[in-house]
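Engineer: Quick check, what structure comes out for this input:
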Amino acid sequence: MSIPQSGGGPIEHHSQLAEYMADGCKPRDDWRIGTEHEKFGYCKDTLRPIPFEGERSVRAVLEGLRDRHGWEPVVEGGHLIGLVKDGANVSLEPGGQLELSGAPVETIHQTCDEVNQHLAEVKDIADAVGVGFIGLGAAPVWQHEDMPLMPKGRYKLMDSYMQRVGTMGRVMMRRTCTVQVNLDFGSEADMVQKMRVAIALQPVATALFANSPFFEGKVNGHKSWRSRVWRDLDPARTGMVPFVFEDGFGFERWVEYALDVPMYFVYRDGKYIDALGQSFRDFLKGELPALPGETPTLSDWADHLTTLFPEARVKKYIEMRGADGGPWRRLCALPAFWVGLMYDQGALDAAWDIAKGWDAETRQALRVAASEQGLQAVVGDIKMHDLAREVVALSDEGLKARARTGAGGLVPNETHFLNALKESLETGKTPADELLDHYHGDWNGDLNRIYGEYSY
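Structural biologist: Down below sits the predicted model:
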């Protein structure tokens with residue numbers, strides 16, 4: 001979840017709302033890659049989730065990263081709730097999941113180096129305090145009551161609101177993890193094309209990265225339970241945003257969508273003020289019940305944009321949000337997949353050619369089928385395995401065309417980061433399929449085996 005935004009002055013004209021996002025437009029040479037990933041922490045002896053405080057806890061891990069690896073603390077209400085260093089930040093998801101939000105970098109080589117360094121630092125601290133971390137899309141065994149709610153004001157408000165607007169919001173908060181990549185756009189037209197490709201092909205990412213076939217100790221009938229959870233969270237702020245494909249879509253249309261999404265909070269003086277269900281449109285008029293007579297700043301607008309949760313979303317960049325958290329190699333494969341499609345115009349055009357004929361019902365059906373069957377999904381005459389093969393090939397070509405070298409020039413491009421996906425395409429098995437094979441095979445139904453064999 002995003003940290004509070006800052007630096008925006010008063011909103012005096014409606015046009016500033018769209019201009020805020022348009023200010024993210026960058027020339028191609030300035031396009032960057034930001035990778036984010038979440039992971040579950042657990043006590044090694046009990047295999048139970050780590051609490052916020054104690055010798056084996058979220059706080060102990062944050063303090064270790066601060067003291068031994070040079071991270072600067074982020075404090076809220078007297079609690080250490082995050083860390084910052086070199087343009088990156090470590091933050092906490094509501095149930096204590098540890099998230100790295102990486103610095104904007106130029107290549108997949110660099111973002112993967114950053115992920116590797118982070119996981120090595122986390123393992124250094126975790127081993128010292130008896131904690132482990134695992135990358136999965138959903139907690140495989142734990143119950144709701146096992147999961148502590150982190151002491152962040154935003155999460156307390158969300159926890160209350162989620163019970164009113166859907167059935168799965170609190171599950172999402174405490175018991176799911178994702179990996180995502182944040183990418184730039186060059187113009188409004190470029191943003192539009194990238195958003196259309198991102199939304200339409202997000203089910204392909206869901207299928208390829210599916211890694212949550214267990215929940216509450218049982219097989220749940222889905223390859224990506226995380227994706228299933230998001231379908232019943234809050235219809236006002238989630239989903240496949242079909243208006244993105246309508247004529248006239250652009251920054252202003254995203255503004256209108258965002259203004260229709262009920263608010264969660266306003267952040268003032270280090271505190272989250274309850275604005276649950278209230279209207280940003282009223283805020284613009286100085287009529288917000290939570291702050292009567294006060295009008296918003298651009299920081300408030302930036303905060304509100306972080307409370308929209310569709311499968312891809314626009315801020316000053318685009319976030320790809322459809323993949324399960326997963327094993328080490330897949331944390332680098334996800335940004336490679338999308339960079340190959342998005343940062344080469346030929347690949348982007350070809351990707352849009354694949355998806356441009358689909359209607360909203362087809363796109364939604366692909367989303368549902370991906371969560372249920374993964375690569376085995378079929379929607380009409382679309383076979384997910386074939387679609388994924390075609391899309392990964394486009395990404396591969398896009399990465400070749402980028403020709404960004406690594407290892408001091410010894411590695412000619414970034415295509416090897418797609419190897420984990422190519423293996424899935426060859427075998428027809430995603431991480432979820434591999435987990436199910438173990439569960440029904442050598443694990444003999446013992447899900448506790450997952451911790452020893454799949455932790456970082």
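Engineer: how long is stretch 396-412 from one end to the other?
Structural biologist: 13 Å (C-alpha to C-alpha, to the nearest Å).
Engineer: tell me the average confidence for it?
Structural biologist: Mean pLDDT, stretch 396-412: 97.
Engineer: How about residues contacting that stretch?
Structural biologist: 106-109, 336, 339-344, 346-348, 413-415, 417-418 (C-beta atoms under 8 Å, 6 or more residues apart in numbering). Where you see a C-beta, it was placed from the backbone N, CA and C, and this is true even at glycine.
Engineer: from these, which would you call buried?
Structural biologist: The neighbour-count test (16 or more other C-beta atoms under 10 Å) applied to the contacts of stretch 396-412 identifies 107-109, 336, 339-344, 347-348, 413-415, 417-418 as buried.
Engineer: need the strands for the stretch 1-150 of the chain, in chain order.
Structural biologist: 33-43, 72-76, 79-85, 88-92, 98-101, 131-134 (DSSP state E, counting those that start in this stretch).
Engineer: so which of those is the most packed in?
Structural biologist: The highest average neighbour count among these, using mean count of other C-beta atoms under 10 Å, belongs to strand 33-43 at a mean of 24.
Engineer: That one packs against which elements?
Structural biologist: Secondary-structure packing of strand 33-43 (3 or more C-beta pairs under 8 Å, 6 or more residues apart in numbering; DSSP states H and E): strand 98-101, helix 108-129, strand 131-134, strand 178-183, helix 328-342.
Engineer: Grab the nearest non-local neighbour of residue 296.
Structural biologist: Leaving aside its sequence neighbours, residue 296 sits nearest to residue 283 (C-beta to C-beta, 6 or more residues apart in numbering; 4.9 Å).
Engineer: and what of residue 350?
Structural biologist: Residue 350's closest residue in space is residue 394 (C-beta to C-beta, 6+ apart), at 5.3 Å.
Engineer: thought the one you found was touching residue 341?
Structural biologist: Yes - using C-beta atoms under 8 Å, residue 394 is in contact with residue 341, at 6.1 Å.
Engineer: which residues do those two both contact?
Structural biologist: What both residue 394 and residue 341 touch, as defined by C-beta under 8 Å, 6+ apart, is the set 347, 351.
Engineer: follow-up on the earlier one: output the strands of the stretch 1-150 of the chain as CSV; include the columns mean pLDDT.
Structural biologist: Converted to CSV, the strands of the stretch 1-150 of the chain look like this (pLDDT from 0 to 100):
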stretch, mean pLDDT
strand 33-43, 98
strand 72-76, 97
strand 79-85, 97
strand 88-92, 98
strand 98-101, 98
strand 131-134, 98
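Engineer: partner residues bridging residue 212?
Structural biologist: Listed beta-bridge partners, residue 212: residue 224 (assigned using DSSP bridges).
Engineer: My guess is it contacts residue 222. True?
Structural biologist: Yes - if you go by C-beta under 8 Å, residue 212 and residue 222 touch, sitting 7.3 Å apart.
Engineer: what's around the closest residue to residue 230 other than its chain neighbours, how many residues?
Structural biologist: Nearest non-adjacent residue to residue 230, counting by C-beta to C-beta, 6+ apart: residue 238, 5.8 Å away. When neighbours are counted by other C-beta atoms under 10 Å, residue 238 registers 22.
Engineer: Quick check: bridge partners of residue 238?
Structural biologist: residue 309.
Engineer: That one touches residue 312, doesn't it?
Structural biologist: No - if you go by C-beta under 8 Å, residue 238 and residue 312 don't touch, sitting 11.5 Å apart.
Engineer: before we move on, back to that, so if I had to pick from residue 212 and residue 222, which one is more boxed in?
Structural biologist: The residue with more neighbours, out of residue 212 and residue 222, is residue 212; 30 against 24, by other C-beta under 10 Å.
Engineer: Could you pull up the residues touching that one?
Structural biologist: 136-138, 140, 176, 220, 222-226, 324, 432.
Engineer: out of those residues, who has the most neighbours?
Structural biologist: Neighbour count (other C-beta under 10 Å) singles out residue 137 as the most crowded of these, with 34 neighbours.
Engineer: any idea how far residue 37 is from that residue?
Structural biologist: From residue 137 across to residue 37, the span is 11 Å (C-beta to C-beta, to the nearest Å).
Engineer: can you list residues touching both of these two?
Structural biologist: Common neighbours of residue 137 and residue 37 (C-beta under 8 Å, 6+ apart) are 177, 178, 325.
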